[in-house]
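Novice: this one's structure only:
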């Protein structure tokens, strides 16, 4: 059974930082590109960042580029999202997701291409 378990969310002041982690189990981690999405209250879920299994391809939403960094440790089957210079508009539930794609340079920005999802972790940024 595949599980993605996020951690690291919380309450932070604007300008602060948080690091999210997502531990994967029940799948061959290196067969999957990994992504982060978020959903703010009253809004649709949106793409944040994604990384190919090799780490050779990375893509970010324009709204987080230069502030957020995605990383993965294949030995630990874990993906991270380092979030710096946080803004109140970053407040959302953040979801980790896995997209089956063995391509070394393949990443996905579209929800429908992701096979598995975590339960989400709340990030709240106060002004």
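Specialist: The structure has been received and is ready for your questions. These numbers come from a predicted model, not from an experiment.
Novice: report how many residues lie close to the residue lying closest to residue 11 once chain neighbours are set aside.
Specialist: Spatial nearest neighbour of residue 11, excluding adjacent residues (CB to CB, 6 or more residues apart in numbering): residue 124 at 4.7 Å. Where you see a C-beta, it was placed from the backbone N, CA and C, and this is true even at glycine. For residue 124, the count of nearby residues is 15 (other CB atoms under 10 Å).
Novice: contact partners for residue 124?
Specialist: Contacts for residue 124 (CB atoms under 8 Å, 6 or more residues apart in numbering) come out as 10-12, 91.
Novice: in the chain, which spans are strands?
Specialist: Secondary structure of the chain by DSSP state E: the strands cover 3-7, 10-13, 18-25, 32-39, 46-51, 58-60, 68-73, 78-83, 92-100, 116-117, 121-126.
Novice: what helices and strands are in contact with the third one?
Specialist: Translated: strand 18-25. Strand 18-25 makes packing contacts with strand 3-7, strand 32-39, strand 78-83, strand 92-100, strand 121-126 when contacts are defined by 3 or more CB pairs under 8 Å, 6 or more residues apart in numbering; DSSP states H and E.
Novice: center of the protein, which residue is that?
Specialist: Per CA atoms, centre = their mean, the C-alpha nearest to the average position across the chain is that of residue 36, at 2.2 Å.
Novice: look up how far residue 127 lies from it.
Specialist: Separation of residue 36 from residue 127 (CB to CB, to the nearest Å): 23 Å.
Novice: what do you get for residue 88?
Specialist: In this view, residue 88 and residue 127 are 5 Å apart by CB to CB.
Novice: list residues touching both of those two?
Specialist: Common neighbours of residue 88 and residue 127 (CB under 8 Å, 6+ apart) are residue 14.
Novice: so what's the residue lying closest to the residue nearest to the centre of the chain once chain neighbours are set aside up against?
Specialist: Distances taken as CB to CB, 6+ apart put residue 48 closest to residue 36, at 4.3 Å, once the chain neighbours are dropped. Going by CB under 8 Å, 6+ apart, residue 48 touches 35-38, 60-61, 64, 68, 81, 94.
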